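S.K.: Fold the following, please.
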Amino acid sequence: MPVRTDPPAPALRLRVDGDALAANWRTVDAMSGSAATAAAVKADAYGTGIARAMPALLQAGCRDFYVAHWSEVADAAQHGTDASISVLHGPLSEADCAYARATGVRPVINSINQARLWQSTGGGSCDLMVDTGMNRLGVRPEEIGNLLVAGLEVDTLLSHLACADEESAMNERQRAAFAAIAPQVAHRRASLANSAGIALGAGYHFDLTRPGLALYGGVPVLAMAGRIRQVVWPEAAVIQVRTVSAGETVGYGATFTAIRDTRVAIVSLGYADGYLRTWSGKGTMRFGEAVLPVLGRVSMDMTAVDITGAPDIAEGDWISVDYDLPEASRISGLTQYELLTSLGHRLRD
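M.R.: Have a look, this model is predicted:
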């Protein structure tokens, strides 16, 4: 018998609905009014896999994309020669600057030092982040007049909202600060709103909005509820089915005790895959319409579920994890961002 050289199919996968992702982009694009709509595709498109996300977003009409690290550029760039890509963390070395020019991506300049580095290595088109109160990245308003900043060739002037998903007076303070700064900087476009910021209204849209979470099925504010479609479903194969007798326990710490004879499936998904221990005794999975509660603690590579509602489940069958992001966040205590970006590479490979 010949020796198999290719590995067999994995026992877990991430189902990504590209049509839903594209529809979500069109929804936030419509909510953005006359502003163009970009897409944040950092962190491997929020854990959905940039190879899946970029084609769907490009087909929907998106042409502006944001990554965080220079290491993310190559994966994004291979999906569209007409895509505009910006690197949010900006240049930290001459090598970063050379790479930006060689690939045609734009660095986001976040400090006087980054402005100096970009200018000293040749300058060219870039984006500029201005800090309007978040105290994360960005030049401060009083630094706008610095000659190094004034000499930049700014395509997009950026700032970022700190409290867009909350009813906070800080939102209007940041909007007003950004509106006051914009005339002081020569630029082609201005951009302030993230997903939640889009829902704050036209005054926050400027020329370009930058959604992230909402594209991938997250609902950051109630105004988007019912308008954003679920995009991801983790799925895993059953690797064993067993009967746990009444009085026996399941998993590490023996935290679950069966009160009756219970049919249990062991699923090939665990905290190493981003299905964290916070789901222990709380999560649910599905087989068709049957709901399968998680029993005991989630292990590194396995999770036990009660299959009383689906007695025909057999080893090798596939089970889907309940992963509607707002509801999953409520149950698990994790943010919708964490639920997406913590998904492990074994799901995406």
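S.K.: can you pull the contacts of R277?
M.R.: Y271, R297, V298 (Cβ atoms under 8 Å, 6 or more residues apart in numbering). To be clear about C-beta, it is placed using only N, CA and C from the backbone, and glycine gets the same treatment.
S.K.: Would you state the helices of this protein in chain order?
M.R.: Applying DSSP state H to the chain gives helices spanning 18-31, 42-46, 50-60, 73-77, 94-103, 112-120, 147-150, 169-181, 195-198, 325-332, 336-341, 345-348.
S.K.: Could you list every helix and strand that the last one packs against?
M.R.: Spelled out, it's helix 345-348. With contacts defined as 3 or more Cβ pairs under 8 Å, 6 or more residues apart in numbering; DSSP states H and E, helix 345-348 has these neighbours: strand 12-16.
S.K.: State the mean pLDDT of the strand it packs on.
M.R.: For strand 12-16, mean pLDDT is 95.
S.K.: buried stuff in it?
M.R.: L12, R13, L14, V16 (16 or more other Cβ atoms under 10 Å).
S.K.: Turn the residues you listed into TSV, including distance to R189.
M.R.: Output for the buried residues of strand 12-16, formatted as TSV (distance: Cβ to Cβ, whole Å):
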residue	distance to R189
L12	41
R13	38
L14	34
V16	30
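S.K.: Off-centre distance for the helix or strand bottoming out on mean pLDDT in the chain?
M.R.: In the chain, the helix or strand scored least confidently by mean pLDDT, DSSP states H and E is helix 345-348, which has a mean of 85. Averaging C-alpha positions (Cα atoms, centre = their mean, to the nearest Å) puts helix 345-348 15 Å from its chain's average.
S.K.: try stretch 248-258
M.R.: 34 Å.
S.K.: Give the buried residues for it.
M.R.: In stretch 248-258, counting by 16+ other Cβ under 10 Å, buried: V250, G251, F256, A258.
S.K.: Show me which of these is closest to F65.
M.R.: Of all these, G251 has the smallest distance to F65: 41.8 Å, by Cβ to Cβ.
S.K.: Read off the pLDDT value for that closest one.
M.R.: G251 is given a pLDDT of 96.
S.K.: Ok, V3 next?
M.R.: For V3, pLDDT reads 69.
S.K.: Now do the contacts for the spatially most central residue of the chain.
M.R.: In the chain, the C-alpha nearest the mean C-alpha coordinate belongs to Y46, at 2.2 Å (Cα atoms, centre = their mean). Residues near Y46 by Cβ under 8 Å, 6+ apart: A40, A53, G212, L213, L215, Y216, Y337, L340, T341.
S.K.: Run through the bridge partners of the nearest residue to the third one once chain neighbours are set aside.
M.R.: Taking Cβ to Cβ, 6 or more residues apart in numbering, and ignoring the residues beside it in sequence, G212 has A40 as its nearest neighbour in space, at 3.3 Å. Using DSSP bridges, the bridge partners assigned to A40 are Y66.
S.K.: pretty sure A40 is touching C62, no?
M.R.: No - in this structure, A40 is not within contact of C62 by Cβ atoms under 8 Å, at 10.6 Å.
S.K.: Let's see the pLDDT reported for the closest residue to T27 other than its chain neighbours.
M.R.: Nearest residue to T27, sequence neighbours excluded (Cβ to Cβ, 6+ apart): R227, at 5.3 Å. We have a pLDDT of 97 for R227.
S.K.: now do the one 4 residues further on
M.R.: Each residue has a pLDDT score; the one for V231 is 98.
S.K.: The one 3 residues further on now?
M.R.: With respect to pLDDT, P234 has a value of 97.
S.K.: ok, the nearest residue to it once chain neighbours are set aside - contacts?
M.R.: For P234, ignoring the flanking residues on the chain, the nearest one in space by Cβ to Cβ, 6+ apart is V321 at 4.2 Å. Going by Cβ under 8 Å, 6+ apart, V321 touches W233, P234, E235, A236, L269, Y275, G283, M285, R286.
S.K.: from those, which is closest to E315?
M.R.: So of these, ranked by how close each gets to E315 (Cβ to Cβ), first place is A236, at 12.4 Å.
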